[in-house]
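1. return atomic coordinates for the entry below.
(2 chains)
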Amino acid sequence: MSTKTQNNHAWWLVLPVVLLVAFNAVIPLMTVVNYSVQETFGDNVFFFEGVRWFQDILASERFHDALGRQFLFTAIILAIEIPLGVIIALCMPRKGVWVSVCLVLMSLPLLIPWNVVGAMWNIFALPDIGLLGKTLNALGFDYNYTREPMDAWFTVIAMDVWHWTSLVALLAYAGLTSIPDAYFQAARIDGASAWSVFRYIQLPKMKRVLTIAILLRFMDSFMIYTEPFVLTGGGPGNTTTFLSIDLVKMALGQFDLGPAAAMSIIYFLIILLVSWVFYTVTMRNED
Amino acid sequence: MRSFKWLVPTVYIVFLMLPIYWLLNMSFKTTNEILGSFTLWPQTFTLENYQTIFSSSEWLGGYANSLQYVVLNTVLSVAVALPAAYAFSRYRFLGDKHLFFWLLTNRMAPPAVFALPFIQLYSAVGLFDTPWAVAIAHCLFNIPLAVWILEGFMSGVPKELDETAYIDGYSFPRFFTRIFIPTITAGIGVTMFFCFMFSWVELLLAKSLTSVNAKPIAAVMTKTASSSGYELGLLAAAGSLTLIPGAIVIWFVRNYIAKGFALGRV
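-> Numbers count the residues shown, from 1 in each chain, chains lettered A, B, ... in the order given. The predicted model follows:
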């Protein structure tokens, strides 16, 4: 790209962004750090507790379980959505009216408010009056997502695949359409197989966008709250209680400010760490 | 083999449409039919659910509130992100890389972490329960995203454009508003789409920061679901109506959407 000029006056241009984001990020983060080292019994009286809450959270089984479920969930949806999105992008038409039709219809789930996504799948999966639940039961499966943990997991994962695979597909499609036709013509002349076209032309060209896709899907699935909360409420039992659901329960439900704040910080650090490691590793391989 | 390729997107789109169809189907049924029988399409077609929504000020107010903070947030995010993205795409300055990464870390912050501190912060500054509170709170994740996308689009504009304009005697503000912004309208459109999208679909913060006056449609729906038993038809109708703004917005940006998803970097 073009070379940038050194100019510290550019700070004036970024100042509004910095102020607005700092207002939103720094002050609340300070509040969280503040709570995480104190104990309160109400009436705004606080006692310094040091790192006790952090030790408690890191040792608590409840946190380990939620964290385990969170990693399992994120791993499963990434393993499904990334390959599926790439396959769909590879099969999408390249030109004509169908491109617009595909893009518009596929984007639709992305623009549905998250609680409506939850409510929609709730109605869709009800064992007695939902299309999915009724069909599965008619096919001989004993399906009931409000009672069976496995069914609840299946439904939450199906919902997430429904909700977000389009994002991966659209990103991959954007990467694919940027490949000049000459590449494919050259490959055809050389008699390259479909697999080698994919492996040596299409996949390398999609690497950048797939990095973005994996990062976005990792971050967002790790923060998932509204959809499973509306669909299953974290149940049956605690089997679909992911980190955010657990955190909100602790902070706004039980008002355990100290532990909730400590958990917030650990939670945020995990996301930052994984994103940073993933980003540096993929970018290093690129050079 | 090759000729069957269209099957994959077709099957996928059918899979996408099934839950949406079921939602629409439910919204046109009477409560009796929903609870009493399993029917693939409404046997007694009714608009009653929609009439309930359109005759209730609470429901309509919910939609109005949601659209209000979404529009405020979109305008605010894009307005402040434009100069910042220009600075990141054109200049090197003290701490620029660190600043950029810090902005992105805010996109990684789980809203659940911020819900409680936000309630306290916005109560302290007197914005609690106003559309402004939600609009500004959503800037937390929308501004980093807007800067990121716009920076991608701006880096694609050759620097010669700026240099020629300055030689021709344009001042920075005049160049920026008269020449630069018109050349990246596609990028701005895509950015607005993304800001609209993420503000429109977010619920946790929107619900936490409002109580009565600025309650978003999502919160009205949750209340209906829990207070008046389980009015599935009404809920389905309300849900169906929330699909409309998104569908309209998609239609406008359909030609840029793929590029926007790649954050202008393809």
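
2. so what pLDDT did residue 90 get?
-> Since you didn't name a chain, this refers to chain A. A:Leu90 carries a pLDDT value of 91.

3. wrong one, I was asking about chain B
-> On pLDDT, B:Arg90 comes in at 90.

4. test my guess that it contacts B:Lys159.
-> Yes - counting by CB atoms under 8 Å, B:Lys159 is a contact partner of B:Arg90 at 7.1 Å. Bear in mind the C-beta positions are built from the backbone N, C-alpha and C, glycine included.

5. who's more crowded, those two?
-> Taking neighbours as other CB atoms under 10 Å in any protein chain shown, B:Arg90 and B:Lys159 compare with B:Arg90 leading, 20 against 15.

6. and that one, how far from chain A?
-> As judged by CB to the nearest CB, to the nearest Å, B:Arg90 and chain A stand 6 Å apart.

7. for that residue, phi and psi?
-> Torsion angles at B:Arg90 (phi, psi; degrees, to the nearest 10) stand at phi -110, psi -30.

8. wait, what's in contact with the residue lying closest to it once chain neighbours are set aside?
-> Leaving aside its sequence neighbours, B:Arg90 sits nearest to A:Lys4 (CB to CB, 6 or more residues apart in numbering or on different chains; 6.2 Å). Contact partners of A:Lys4, counting by CB atoms under 8 Å, 6 or more residues apart in numbering or on different chains, are B:89-92.

9. let's see which of the residues you listed end up in strands.
-> Judged by DSSP state E, those include B:91-92 as members of strands.

10. which strands or helices does the helix or strand that contains B:Ala186 pack on?
-> Using DSSP states H and E, B:Ala186 sits in helix B:185-201. Under the contact criterion of 3 or more CB pairs under 8 Å, 6 or more residues apart in numbering or on different chains; DSSP states H and E, helix B:185-201 touches helix B:57-90, helix B:131-155, helix B:232-253, helix B:257-261.

11. what's in contact with it?
-> Outside helix B:185-201, the residues that touch it by CB under 8 Å, 6+ apart are A:110-114, B:66, B:69-70, B:73-74, B:77-78, B:81-82, B:134-135, B:138, B:141-142, B:145-146, B:149-150, B:152-154, B:181, B:245-246, B:249-250, B:252-253, B:256-257, B:259-260, B:264.

12. so where do the strands sit in chain A?
-> Using DSSP E, the strands found in chain A span residues A:5-6, A:38-40, A:46-48.

13. for the ones you listed, which one sits closest to B:Leu209?
-> Closest approach to B:Leu209 among those is made by strand A:38-40 (22.6 Å; CB to CB).

14. what's the mean pLDDT across the closest one?
-> Averaged over strand A:38-40, pLDDT sits at 74.

15. pLDDT below threshold where in chain B?
-> Residues of chain B meeting the criterion pLDDT under 70: B:1-3, B:224-230, B:257-266.

16. after the helix holding B:Ala186 comes which helix or strand?
-> Immediately after helix B:185-201, counting by DSSP H and E, sits helix B:204-208.

17. so what touches that next one?
-> So helix B:204-208 is contacted by A:225-226, A:244, A:248, A:252, B:66, B:69, B:111-112, B:114-116, B:118-119, B:134, B:137-138, B:216, B:218-219, B:222 (CB under 8 Å, 6+ apart).

18. which of the residues you listed are buried? Put it as a PyMOL command.
-> To isolate the buried members of the contacts of helix B:204-208 in PyMOL, using 16 or more other CB atoms under 10 Å in any protein chain shown:
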select buried, (chain A and resi 225+226+244+248) or (chain B and resi 66+69+111+112+114+115+116+118+119+134+137+138+216+218+219+222)
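
19. quickly compare the strands of chain A and say which is most buried.
-> With neighbours taken as mean count of other CB atoms under 10 Å in any protein chain shown, these reach their highest mean count in strand A:38-40, at a mean of 16.

20. next, the contact list for A:Phe218, please.
-> Listed by CB under 8 Å, 6+ apart, the contact set of A:Phe218 reads A:74, A:78, A:274-275, A:278.

21. and those near chain B, which?
-> Among the contacts of A:Phe218, the residues that sit close to chain B (CB under 8 Å from any CB of the partner chain) are A:Ser275.

22. which of the contacts of A:Phe218 count as buried?
-> Buried among those (16+ other CB under 10 Å): A:74, A:78, A:274-275.

23. name the element B:Ile13 belongs to?
-> If you go by DSSP H and E, B:Ile13 is part of helix B:7-27.

24. need the contact partners of stretch B:108-123.
-> With contact meaning CB under 8 Å, 6+ apart, stretch B:108-123 is reached by A:24-25, A:27-29, A:31-32, A:219, A:222-223, A:225, A:243-244, A:247-248, A:251-252, A:257, A:260, A:264, A:267-268, A:271-272, A:275, B:128, B:133, B:136-137, B:140-141, B:202, B:204-205, B:208-209.

25. just the terminal-to-terminal distance for stretch A:123-137.
-> Using CA to CA, to the nearest Å, the end-to-end distance of stretch A:123-137 comes to 15 Å.

26. how far off centre is it?
-> Chain-centre distance of stretch A:123-137: 26 Å, with CA atoms, centre = their mean, to the nearest Å.

27. now stretch A:6-21
-> The answer for stretch A:6-21 is 30 Å, by CA atoms, centre = their mean.

28. close to chain B, is that stretch?
-> Yes - remark: stretch A:6-21 sits within contact range of chain B at A:6-11, A:13-14, A:16-18, A:20-21, by CB under 8 Å from any CB.

29. just to revisit the earlier point, so which of the helices and strands packed on helix B:185-201 is nearest A:Pro236?
-> Of all those, helix B:232-253 sits nearest to A:Pro236, with 20.8 Å by CB to CB.

30. what is the burial count for the closest residue to A:Gly133 other than its chain neighbours?
-> Closest residue to A:Gly133 apart from its sequence neighbours, by CB to CB, 6+ apart: A:Pro127 at 4.0 Å. A count of nearby residues for A:Pro127, using other CB under 10 Å, gives 19.

31. with B:Ile248 instead?
-> Counted with other CB under 10 Å, the neighbours of B:Ile248 add up to 10.

32. mind listing what the residue nearest to B:Leu7 when sequence neighbours are not counted touches?
-> The shortest distance from B:Leu7 to any non-neighbouring residue, by CB to CB, 6+ apart, is to A:Cys91 (7.7 Å). Contact analysis of A:Cys91 by CB under 8 Å, 6+ apart lists B:5-9.

33. with B:Asn73 instead?
-> Counting by CB under 8 Å, 6+ apart, B:Asn73 touches B:134-136, B:138-139, B:142, B:195, B:199.

34. what's the closest of those to chain A?
-> Among the contacts of B:Asn73, B:Cys139 lies closest to chain A (CB to the nearest CB), at 5.4 Å.

35. residues near A:Gln185, how many?
-> By other CB under 10 Å, 10 other residues sit near A:Gln185.

36. so it versus B:Leu145, what's the distance?
-> Plainly put, A:Gln185 is 37 Å away from B:Leu145 if you go by CB to CB, to the nearest Å.

37. fine by me, we can end here.
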